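Q: Predicted model and sequence follow; I will ask about them next.
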Amino acid sequence: QVQLVESGGGLVQAGGSLRLSCAASARSFSRYAMGWFRQALGKEREFVAAVNWGGSLTDYADSVKGRFTISKDNAKNTVYLQMNSLKPEDTAVYYCAAEIDGRWEYWGQGTQVTVSS
């Protein structure tokens, strides 16, 4: 069982920055790929970014490329999402997830990010 707890969300003006953190309880955290997803009000959950188990490979949604950076610290059992140049359309609940056997198996409870114009 993996428990994930997100933090770092909040209210920020357009153009501002936030850093989200996701702390994991799993002893084998270093073996998991991790991802960030988001869900805006009235919309489906969408992929934002992912990082491989070692932190050397990353992938991003086109909408956040060049603005968001995902990173993984296996020593701290934590994955981060640095969000710069935020836009009102980035407003959503952000979730982190752990990938097990090719599936996003475990999810956090989410953290709200609100970007005002």
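A: Structure's in. What do you need?

Q: Residue 79 is in contact with residue 72, correct?
A: Yes. Checked against C-beta atoms under 8 Å, the pair residue 72 and residue 79 is within contact range at 4.8 Å. (Each C-beta comes from the backbone N, C-alpha and C, glycine too.)

Q: Now do the buried residues in the host helix or strand of residue 37.
A: Per DSSP states H and E, residue 37 falls inside strand 33-39. By neighbour count with 16 or more other C-beta atoms under 10 Å, strand 33-39 contains the buried residues 33, 34, 35, 36, 37, 38.

Q: Checking residue 48 next. Helix, strand or coil?
A: At residue 48, secondary structure determined by DSSP: H, G, I helix; E, B strand; the rest coil is strand.

Q: any idea how far residue 81 is from the residue lying closest to it once chain neighbours are set aside?
A: Closest residue in space to residue 48, ignoring its immediate chain neighbours: residue 36 at 4.3 Å, by C-beta to C-beta, 6 or more residues apart in numbering. The gap separating residue 36 from residue 81 is 5 Å, by C-beta to C-beta, to the nearest Å.

Q: Residue 117 too?
A: From residue 117 across to residue 81, the span is 21 Å (C-beta to C-beta).

Q: for this protein, what are the low-confidence residue spans?
A: The chain contains no residues with pLDDT under 70.

Q: Centre-most residue in it?
A: The chain has residue 36 as the residue nearest its centroid, 2.9 Å off, counting by C-alpha atoms, centre = their mean.

Q: Quick check: beta-bridge partners of that one?
A: Counting by DSSP bridges, residue 36 is bridged to residue 49, residue 96.

Q: can you pull the contacts of residue 72?
A: 34, 51, 53, 54, 55, 78, 79, 80 (C-beta atoms under 8 Å, 6 or more residues apart in numbering).
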